[in-house]
Every structure is written in C-alpha cells, then in structure tokens.
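Peer 1: Need a 3D model of the following:
(one chain, ligands or ions: 1)
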Amino acid sequence: MPIEKGAAIQPAAGKLGVLTPGMGAVTTTFIAGVEAVRRGLAKPIGSLTQMGTVRLGKRTDNRSPQIQDFVPLAALDELVFGGWDIFADNVYEAAVHAGVLEPKLLEALRGPLEAIRPMPGVFEQRYVPRLRATQAKQGRNKMDLAEQLMDDIAQFRERSGASRLVMVWCGSTETFQKAGVVHSSLQNFECWLQKSDPEIAPSQIYAYAALKSGVPFANGAPNLTVDTAALQELARERQVPIAGKDYKTGQTFMKTLIAPGLKSRLLGVSGWFSSNILGNRDGEVLDDPEAHKTKEESKLSALEQILQPELYPELYSNMYHKVRIHYYPPRGDNKEGWDNVDIFGWLGYPMQIKIDFLCRDSILAAPLVLDLALFLDLAQRAGMHGIQEWLSFYFKSPMTAPGLYPEHDVFIQLMKLKNTLRWLRGEDLITHLGLEYYD
Ligand SMILES: NC(=O)c1ccc[n+]([C@@H]2O[C@H](COP(=O)([O-])OP(=O)(O)OC[C@H]3O[C@@H](n4cnc5c(N)ncnc54)[C@H](O)[C@@H]3O)[C@@H](O)[C@H]2O)c1
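Peer 2: Residues are numbered from 1 along each chain as shown. This is a model prediction of the structure:
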C-alpha cells in the first residue's frame, strides 16, 4: 500500500458507475436493493459502508463516527449501473426470474430496473458448460473481444455521465483452472489474447478490459481471473486496485465465525462435514463437476488456513474436511447449509456442533457488492493500487501478495479493514492493548 498515512484523498465528486459482468440473482438483488434504499422503502442491512461505525482514539473519547461520514464514499444517490450478460433480460425481468425479492417490491421499482439492459457478454461455452448464451459478442480473436468490452466501458461512461467506474464480477463460476504460461506475464497474456488461447477465460478478458481502462476490479466468484501474474502486473502498471475472490457469504462465513473461536480455546477438530442444497442458476452452474471443483477449492481453503494445523498438529492435523454442494431446484435462492463439526476438548473427550443455516444467498451477497464498489472507488481515489488485502473481509479466498498466507479470520479481517480506514484518515491505529486505561 504505497501511500502515506493521512494522505489527501480525491473527493467523491460526480457519479460512480458500477459495472457488473453477470446480471443474475446477486446483481439484480444489489441494484434493486440500492433503488429501494434510495426511495426509503428498505434499509441497507448487512452493508458496512451504510451502517457500520469506526471507533477512533481511546475508548473514553466516545468517537465512533459512521464509516460513511469518516471516509469520503460515493453516496447511493450518485450510483449508476451497467453490465453484461449472456441473456438479454433487463434487470427487472432477471430479478423476477431470480425470485429473490418480493414481487411487490420489484413492481415498485419496475421503471428504473427495466431501464437497465445488459450488454452482450463475452462467453465461451467450455467455461460454463451448463448455460447456453442467447447474446454473446463475436470477434476475430480474444483481443478483439477485449477491445469491444473497452468500447462498451467508454460508451457507458459517456452515456451515464459517470466520473468514475468500478467493475465487480457477478457472473457465473467458471470451470476449474490453474494459472499457466499464458498468465505468467502481461506480455504473454496479450500475445495469447491475439491468438485466442483457450486458457484465457472470459472473466480474464473482462478484467483485462477493466484494468486497461483504469477501472478497479473485484472478483466475486472463485474464478482465477485476476489471481494471475499477468493481470496483477497490469493493475500495477495502470495503478488500479483489484480485490478477490469469491464473496464470503453463507456457509463459509459461518465457518470463519466459528473456527477462530474453537482455535482461541484450543479445542480440537477431528471432522467438519458441510453440505449445501441450493436451487438457483448458480446452483445449476455448480452442478457441473468442473465448476463445482472451482467452488469447492475456494470453500475448503478457509478452514485449513484458520486452524493452522502446522502450528497445532495435535488439534487439527487429522481433521477430515468435506464440502458438498447439491443442486436442488425447489429451494431456489434460499439455500440450506448444514455443518456437522466433530470437536474434542479436555483430555480428548469428543463433542459435536450442528449448524443448519437457512440463508438467502443473494440477500447475503448484495451488500458485499455495494461495499466493494464503494471501497474500491475509495481505494482508487486514495492512490492505492494492486491487491487490496484490507478487503479480505468480503472474500472466501482472499488475494494476497505472493508468499503471504491469506488471513481468513473475519474479526482480524474487520480490524484490518478499519485500521486501513483509520490510516487513510491519519488517525491512530487501534491495537486493543489498553494498558493506558490502568496507569
Ligand atoms: N450469492 C452468494 O452468496 C455468492 C457467494 C459467493 C460467490 N457467489 C458467486 O457470484 C456469482 C453470481 O451468483 P448469482 O447467484 O448471481 O448467479 P446467477 O447464475 O444468478 O448469475 C450469474 C449471471 O452471470 C451470467 N454470466 C455467466 N457467464 C457470463 C459471461 N461470461 N459474461 C456475462 N455474463 C455471464 C449468467 O448468465 C447469469 O445471469 C457466481 O459466480 C457465484 O458463485 C455468490
């Protein structure tokens, strides 16, 4: 983070355009939610930027401003929306299809939602085998597709009058992919874009187009996307912030609440079995084994990294961890996540914890999209670029500098986020030492 403590931050003047590749359940719940909050029809529950506070100075100082009053964030009234999808439904139609929000609420917002139509997406069947595109861009090669996206971005900027843009990936989970030679440097990546290398996924083409256009990019799916040397080089070169990956919502969010607590009391874990049923389009996409593998890898890593079996071998090195995701259409977006946790305590005596989280996937994800859009824009105006580790709070698989292990503990992540805000505003960081109260 090559900025000085308390350095000047550009003001949030003018409109902020939020571009979302993928305009399905999460995006439509996010946009409809912002429109509802603007009209006073609902509250932005779950959004740190809208409802959170940050303590400053000593506990005796009684200074805990709202985050939105402490750092200069774009106001909800200044947001404008655009995006791409491989289906032509406008945001109202897509929200009805997603079935997350009540018809009555959607009806009240019909005008503004109908006005947002997705631009045709960049799509490649092998990356999302379960979907058949009805509107997709055609091009001479993948570089040509990237250039078409850059044109879309420039035209959206013009049309909407936005003074700044951010892009937040809300598209489907792509099939499992590891970084290869094509991703090893920007030069290689650009060369293979021209040659339409099959290793370059659509999400990488969007990210490339965003970064080339100076637009910050956040990755809400577990896709490889900006987790590559090539696109990180581009982010540094263009001085653009990036963040990822995979929104930390339902079951993994619960894991990151519970696992640090068990570890703090040195309680052992012998097994953690997690099963999910969900019936939305995301569930249908994840029903494909290769897309499922991408999600599973992302879900598995959090627990291992929180429990640190290398430091506590007697407690966690023999843990059996299994994650299952089942597509079950009757549930729609209302996922159910079960966890059975086998733990052991004093003298090795076994105990069990059962969790049954009846959650709503997109209701949990929508405020994260809002916060990421606003914080990425803040980061850009504060001169921060490259990987924004302070936004780990929002992700299942937080991106870090090479060689650093990611911090998954949600409370440490929140402390890191708030300390970053304090740093940006030149306030003292909070260590929680607290000895001064007893002098
Ligand atoms: N909802 C959550 O709690 C949650 C949590 C973590 C991650 N995610 C991820 O967020 C993403 C969105 O979830 P969702 O529930 O909205 O899914 P969704 O299936 O409702 O929406 C995804 C949309 O992306 C579109 N799409 C696919 N490939 C595209 C491309 N190349 N270009 C443009 N559009 C494309 C699809 O047509 C679809 O409309 C998924 O990858 C999901 O895994 C969601």
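
Peer 1: burial of T29, as a residue count?
Peer 2: 25 (other Cβ atoms under 10 Å). The C-beta positions use only the backbone N, C-alpha and C, and glycine is treated the same way.

Peer 1: got it, and P44?
Peer 2: There are 19 residues near P44, going by other Cβ under 10 Å.

Peer 1: do the same with K178
Peer 2: 10.

Peer 1: that's a helix at it, yeah?
Peer 2: No: counting by DSSP: H, G, I helix; E, B strand; the rest coil, one finds K178 to be coil, located in no helix.

Peer 1: check contacts around it.
Peer 2: L224 (Cβ atoms under 8 Å, 6 or more residues apart in numbering).

Peer 1: Ramachandran angles for it?
Peer 2: Dihedral pair for K178: phi -110, psi 150, per degrees, to the nearest 10.

Peer 1: where do the strands sit along the chain?
Peer 2: 15-21, 79-85, 119-120, 162-169, 217-219, 241-244, 268-278, 320-327, 336-344, 350-358, 386-387 (DSSP state E).

Peer 1: Identify the residues contacting the second one?
Peer 2: Put plainly, it is strand 79-85. So strand 79-85 is contacted by 15-24, 27, 31, 34, 91, 94, 116, 118-122, 135, 149, 152, 156, 160-162, 170-171, 206, 373 (Cβ under 8 Å, 6+ apart).

Peer 1: Now E233: closest residue in space, sequence neighbours ignored.
Peer 2: L186 (4.4 Å; Cβ to Cβ, 6 or more residues apart in numbering).

Peer 1: hang on, the earlier thing: worst average pLDDT in the strands of the chain?
Peer 2: Note on the strands of the chain: strand 320-327 shows the lowest mean pLDDT, a mean of 91.

Peer 1: Sheet partners, orientation included, of that strand?
Peer 2: When pairs are called by DSSP bridges, strand 320-327 turns out to pair with strand 268-278 (parallel).

Peer 1: Surely K299 touches F253?
Peer 2: No: using Cβ atoms under 8 Å, K299 is not in contact with F253; the gap is 10.9 Å.

Peer 1: More neighbours: the two, which one.
Peer 2: Using other Cβ under 10 Å as the criterion, K299 and F253 rank with K299 on top: 23 against 19.

Peer 1: need the residues of this structure near the ligand, please.
Peer 2: 21-26, 84-87, 98, 121-123, 128, 131, 170-173, 202, 220-221, 246-247, 249-250, 280-282, 285, 361-362, 364-365 (Cβ under 6 Å from any ligand atom).

Peer 1: one more time with 5 Å, if that's ok
Peer 2: The chain comes close to the ligand at residues 21-22, 24-26, 84-86, 121, 123, 170-173, 202, 220-221, 247, 249, 281-282, 361-362, 365, as judged by Cβ under 5 Å from any ligand atom.

Peer 1: Which helix runs longest in this protein?
Peer 2: If you go by DSSP state H, the chain has its longest helix at helix 361-381.

Peer 1: Let me know the average pLDDT across that one.
Peer 2: 97.

Peer 1: Now do that helix and strand 268-278, the angle between them.
Peer 2: Relative orientation of helix 361-381 and strand 268-278, computed by axes from the mean of the first three to the mean of the last three Cα atoms, to 10 degrees: 110 degrees.

Peer 1: hang on, the earlier thing: can you select the buried ones among the residues of the chain next to the ligand for me in ChimeraX?
Peer 2: To isolate the buried ones among the residues of the chain next to the ligand in ChimeraX, judged by 16 or more other Cβ atoms under 10 Å, type:
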select :21,22,24,25,26,84,85,86,121,123,170,171,172,173,202,220,221,247,249,281,282,361,362,365
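
Peer 1: Please narrow the residues of the chain next to the ligand to those residing in helices.
Peer 2: Per DSSP H, helices hold the following members of those: 25-26, 202, 281-282, 361-362, 365.

Peer 1: how about CSV for these, with distance to S274 added?
Peer 2: CSV is the format used below for these (distance: Cβ to Cβ, whole Å):
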residue, distance to S274
A25, 21
V26, 21
P202, 29
R281, 22
D282, 17
D361, 15
S362, 20
A365, 18
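
Peer 1: how about stretch 358-375: buried residues?
Peer 2: Result for stretch 358-375 [16+ other Cβ under 10 Å]: buried residues 359-375.

Peer 1: ok, now stretch 398-412?
Peer 2: By 16+ other Cβ under 10 Å, the buried positions in stretch 398-412 come out as 398-399, 406-410.

Peer 1: Contacts only, for the residue nearest to G14 when sequence neighbours are not counted.
Peer 2: The shortest distance from G14 to any non-neighbouring residue, by Cβ to Cβ, 6+ apart, is to S163 (3.1 Å). Going by Cβ under 8 Å, 6+ apart, S163 touches 13-16.

Peer 1: neighbour-wise, which of those residues leads?
Peer 2: L16 (22 neighbours).

Peer 1: Tell me the bridge partners for it.
Peer 2: L79, R164.

Peer 1: Quick one, grab the pLDDT at the closest residue to the ligand within the chain.
Peer 2: Scanning the chain for the residue nearest the ligand gives G24, at 2.0 Å (criterion: Cβ to the nearest ligand atom). The model reports G24 with a pLDDT of 96.
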